[in-house]
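J.: turn this into a structure:
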Amino acid sequence: MAKKYSINVEKDEIISVEVNGKKYRDPEQIPDLEDRAWIERMVCHFSAMGAGHAQSDASGFSKIMFPLFLGISILILLIFGISTTSAIRSVAREESAPGQVVDMVTRRDSSGTAYVYPVVEFSLPNGSRQRVELAEGTWPPAYAEGQHVTVKYDPDQPLNARLNSFSSGLAY
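T.: Residues are numbered from 1 along each chain as shown. Below is the predicted model:
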């Protein structure tokens, strides 16, 4: 039958040893020489490891990694907050105007895929007409020439207009 050997430790000090559940305060008290040898090897191994070896490695790792990940998380949240605030302010400044698609421009990307970009015309509050090629290209074309649309634009930068649609709102 296999024997069970234990070392009982408190505050990084060996307080007792056990052989099959029988406690001894000192390995020298163990009557069986083979059992004593097992316990002494265990004690030597424990001493060679250094008291609290496993705990110090884990705490050393967490002392480095926790602040690192905390800092990265705070930085990401800060970037998110600034981006969100900027987008909300941009959308709040926008005005709406009725417009019409007056042309469709086809362009190819580097892989050869064709995208169609609508050119819209809309009226500004001062009565002048503004013509803008929109930055959102689609394939297949999402709009047709002559189609009436609602245009959102910043009064200070009417050339950066966009169509009032869900997908154009995602660009912010």
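
J.: where exactly do the strands run in the chain?
T.: Taking DSSP state E, the strands of the chain run over residues 5-10, 13-19, 22-24, 95-108, 114-123, 129-133, 148-154, 157-163.

J.: residue 37: which of those strands is closest?
T.: For residue 37, the closest of the strands of the chain is strand 5-10, at 10.4 Å, according to Cβ to Cβ. Heads up, the C-betas are built off the backbone N, CA and C, glycines and all.

J.: who touches the residue lying closest to residue 38 once chain neighbours are set aside in this structure?
T.: Spatial nearest neighbour of residue 38, chain neighbours left out: residue 5 (5.2 Å); criterion: Cβ to Cβ, 6 or more residues apart in numbering. Counting by Cβ atoms under 8 Å, 6 or more residues apart in numbering, residue 5 touches 17, 18, 19, 35, 38, 39, 42.

J.: from residue 129, how far off is residue 5?
T.: Note on residue 5: its distance to residue 129, by Cβ to Cβ, to the nearest Å, is 92 Å.

J.: who does the residue nearest to residue 38 form a beta bridge with?
T.: residue 19 (DSSP bridges).

J.: cool, the one 4 residues further on as well?
T.: When bridges are taken as DSSP bridges, the partners of residue 9 come out as residue 14.

J.: picking that back up, between the strands of the chain, which gets nearest to residue 49?
T.: strand 5-10 (11.2 Å).

J.: would you agree residue 146 is in contact with residue 104?
T.: No - taking Cβ atoms under 8 Å as the definition, residue 146 is not a contact partner of residue 104, at 10.5 Å.

J.: give me the contact list for stretch 147-160.
T.: Contacts of stretch 147-160 (Cβ under 8 Å, 6+ apart): 90-91, 93-101, 118, 120, 122, 124-125, 130, 132, 143, 161-164, 168.

J.: could you tell me the end-to-end distance of it?
T.: Terminal residues of stretch 147-160 are spaced 20 Å apart (Cα to Cα, to the nearest Å).

J.: state the mean pLDDT of that stretch.
T.: For stretch 147-160, mean pLDDT rounds to 84.

J.: got the contacts of residue 5 as CSV, with pLDDT, distance to residue 60 and neighbour count columns?
T.: What follows is those, written out as CSV (pLDDT from 0 to 100; distance: Cβ to Cβ, whole Å; neighbours: other Cβ atoms under 10 Å):
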residue, pLDDT, distance to residue 60, neighbour count
17, 86, 29, 24
18, 90, 31, 15
19, 89, 34, 20
35, 86, 36, 18
38, 85, 31, 17
39, 85, 30, 23
42, 85, 25, 16
